[in-house]
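**Student:** Compute the structure for the input listed below.
(one chain, ligands or ions: 1)
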Amino acid sequence: MNKIIKPGFLKNGKVCKTCIKLLSNKGYYCKRGDHSIERIISISNTNRKNVDYNFAELLVAVCLKCDNIGNRDDIINNVETIKCLKKDEYIKDINCRSEKQINNYISFINKEKKKFGKIKTVYLLGKNTNCFPEITELNQNLSQIQCKSDIMLKLVNNSWFGISVKSQKDSFLTNYSIQKILSNGKELEKVKRDFLKSKGYLEFKKEDRKKINSLFYPGKENIYWDSLYNSIEIEKEKVICSIKEGLCSSNTPYKVYEVDGENVIDLDKLQEELYSKKIELVKKEYPNKKAAKMWYDILVDGIKKYSIEIRWKGNVFCSPQIIIQKINISFS
Ligand SMILES: [Zn+2]
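**Tutor:** Coordinates of the predicted model:
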């Protein structure tokens, strides 16, 4: 937690002791409105957005647990009502977000919360899904891809729901290694390393990144992209299966919903759709783009529903990731 944050001031000009105490113990300000304004300014200047602890997860968790949540301070002040081991990390992220983004998401989730029934306990899992024994027990025998819930809800009737939270409609839905899905992943890695070696690159160096990336731009001759394309063609059904598995929440002993700030998607229903309709994976060409990527569309019964990018997170010596985004979520 960043401790060098200015506390608020009282009307008599003195520093607020409640703020100082809360800042050093918990990392946030007291409840007085103008003190919180100062908190937002000071933190947003020093902290970058944190992808591991996304504000939307905390927001959804607290809104589902408590009634009458209307703004950022309500969320922070009610953070103790949920079970979570990384509250400070989430508070840091929510302090970096704009009032508008937060308030829009709050009104969305408040409008939808009755769908989930009477909630007893809310668990916000964060990166580690194994910190609560009761959740670990529920998820036994499931793989990481299958456990996509960020939040677990225990209802008053002791049944469970999972919620996968996306901060916006076009958030990435998956990111996993394409070479791990394909059975010749190791060979592909070798093809890539030999290609890079032939161009004079033996290991990843930050300063080479631009030059290396340009080798992977569309329209350039690149044996790795050609081999990857052919491998995907050969194992297309397998790739499509992994995509379906990544998008739905197969095999969980509880129902899972995905929320994205605009829609609540029942992943069981999505699964029914995806498994009953024809799924096609079609390569897209962007000959003039300056990006080290390969693009596909996913068609569901002939209609474009998702777009895929295959690309690196930075280090081209690793396997590229397969990243899926919604194009149009209205399945009908
Ligand atoms: Zn204060």
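**Student:** immediately after the helix or strand harbouring residue 194, which helix or strand?
**Tutor:** Per DSSP states H and E: residue 194 is located in helix 185-198. Proceeding N to C from helix 185-198, the next assigned helix or strand is helix 209-215, under DSSP H and E.
**Student:** Flag every buried residue along stretch 105-120.
**Tutor:** For stretch 105-120, burial by neighbour count (16 or more other CB atoms under 10 Å) applies to 105, 106, 108, 109, 112, 113, 116. Quick note: C-beta positions are derived from backbone N, CA and C, even for glycine.
**Student:** Out of those, which sit inside helices?
**Tutor:** The helices, defined by DSSP state H, take in 105, 106, 108, 109, 112 from these.
**Student:** Identify the residue spatially nearest to the residue positioned nearest the centre of the chain, adjacent ones excluded.
**Tutor:** Nearest to the mean C-alpha position of the chain, counting by CA atoms, centre = their mean, stands residue 166 at 5.7 Å. Spatial nearest neighbour of residue 166, chain neighbours left out: residue 260 (4.1 Å); criterion: CB to CB, 6 or more residues apart in numbering.
**Student:** same question, residue 167
**Tutor:** Distance criterion CB to CB, 6+ apart; nearest residue to residue 167, sequence neighbours excluded, is residue 56 at 4.1 Å.
**Student:** Can you name the residues that contact residue 275?
**Tutor:** Residues near residue 275 by CB atoms under 8 Å, 6 or more residues apart in numbering: residue 244.
**Student:** That one and residue 23: what is the separation?
**Tutor:** For residue 275, the distance to residue 23 equals 51 Å [CB to CB, to the nearest Å].
**Student:** need the residues of the chain near the ion, please.
**Tutor:** Proximity of the chain to the ion, by CB under 5 Å from the ion, involves residues 8, 16, 18, 19, 30, 32, 35.
**Student:** Among these, which lie within helices?
**Tutor:** 18, 19, 35.
**Student:** Tell me the most packed of those residues, by neighbour count.
**Tutor:** residue 19 (24 neighbours; other CB atoms under 10 Å).
**Student:** quick one: contacts for the closest residue to the ion within the stretch 201-332 of the chain?
**Tutor:** When distances are taken as CB to the ion, the stretch 201-332 of the chain reaches nearest to the ion at residue 261, 30.6 Å away. Applying CB under 8 Å, 6+ apart, we find residue 261 in contact with 56, 104, 105, 108, 166, 167, 168, 169.
**Student:** was I right about residue 311 contacting residue 289?
**Tutor:** No - with contact defined as CB atoms under 8 Å, residue 311 does not reach residue 289; the gap is 11.3 Å.
**Student:** Of these two, which one has the most company?
**Tutor:** It is residue 311, of residue 311 and residue 289, that has more neighbours when counted by other CB under 10 Å, with 20 against 12.
**Student:** On the strand side of things, show who that one bridges to.
**Tutor:** For residue 311, the beta-bridge partners under DSSP bridges are residue 293, residue 321.
**Student:** Please tell me the pLDDT value assigned to it.
**Tutor:** For residue 311, the pLDDT comes out at 93.
**Student:** for residue 136, same thing?
**Tutor:** pLDDT, residue 136: 89.
**Student:** name the element it belongs to?
**Tutor:** If you go by DSSP H and E, residue 136 is part of helix 133-138.
**Student:** which stretches of the chain form helices?
**Tutor:** Applying DSSP H to the chain gives helices spanning 17-25, 33-46, 55-65, 72-77, 87-94, 99-112, 133-138, 178-181, 185-198, 209-215, 223-234, 236-247, 267-276.
**Student:** quick revisit: between the ones in helices among the residues of the chain next to the ion, which is nearest residue 97?
**Tutor:** Of all those, residue 35 has the smallest distance to residue 97: 18.2 Å, by CB to CB.
**Student:** so what's the closest one up against?
**Tutor:** Residue 35 touches 7, 8, 9, 16, 19, 29, counting by CB under 8 Å, 6+ apart.
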